[in-house]
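1. Below: sequence and its predicted model.
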Amino acid sequence: MNLSMRSKFFPLVALVAVAGAHAEDVDLEKVVGSLIAAEKAYAKLAAEKGFREASISVFADDAVIFAPSAVNGKKFWREVKESRHNLAACLRLDLAERRTRLYDGTMGIKQSA
């Protein structure tokens, strides 16, 4: 491993070690609850205003979405014409609740001991 590669590798290892140490301090239940609340609010807004307007209003100015490649989210949705057939029709309030099954193991993902 040359010096240049080492100078990049060791800070990365240190960062991963520090991030791993702090990951144990996260209240997963609180984080998942926050995710559920945010997705419900987003789904409600999309049902009221349409998916396009909801996306524009909640995305950060530098938000990135994949459509299918990485693009600025606000710019993408500003250029899309609202349609009754867009994703707003598919949004359901229980989406985030179904996603929590990823965390509790009921969706076929085995948690390590």
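-> Looks like it came in fine. Being a predicted model, the structure only gives us computed values, none of them experimental.

2. Which strand or helix spans I36?
-> helix 28-49 (DSSP states H and E).

3. For that helix, buried residues please.
-> Neighbour counts using 16 or more other Cβ atoms under 10 Å place V32, I36, E39, K40, Y42, A43, L45, A46 of helix 28-49 among the buried residues. Where you see a C-beta, it was placed from the backbone N, CA and C, and this is true even at glycine.

4. quick one: strands adjacent to the helix or strand encompassing V71?
-> With elements delineated by DSSP H and E, V71 resides in strand 70-72, which encompasses its position. As defined by DSSP bridges, the strand partners of strand 70-72 come to strand 64-66 (antiparallel).

5. What are the buried residues along the partner strand?
-> By 16+ other Cβ under 10 Å, the buried positions in strand 64-66 come out as I65.

6. ditto for stretch 52-72
-> The neighbour-count check on stretch 52-72 (16+ other Cβ under 10 Å) flags R52, A54, S55, I56, F59, A63, I65 as buried.

7. Which parts of the chain are helices?
-> Secondary structure of the chain (DSSP state H): helices at 3-23, 28-49, 51-58, 73-79, 95-99, 101-104.

8. Let me see the residues that make contact with the fourth one.
-> Outside helix 73-79, the residues within contact range by Cβ atoms under 8 Å, 6 or more residues apart in numbering are R52, S55, I56, F59, D61, A63, V64, I65, A67.

9. Quick check: the nearest residue to the third one once chain neighbours are set aside vs D25, distance?
-> Once flanking residues are discounted, I56 sits nearest to W77: 5.0 Å by Cβ to Cβ, 6 or more residues apart in numbering. W77 sits 36 Å away from D25, going by Cβ to Cβ, to the nearest Å.
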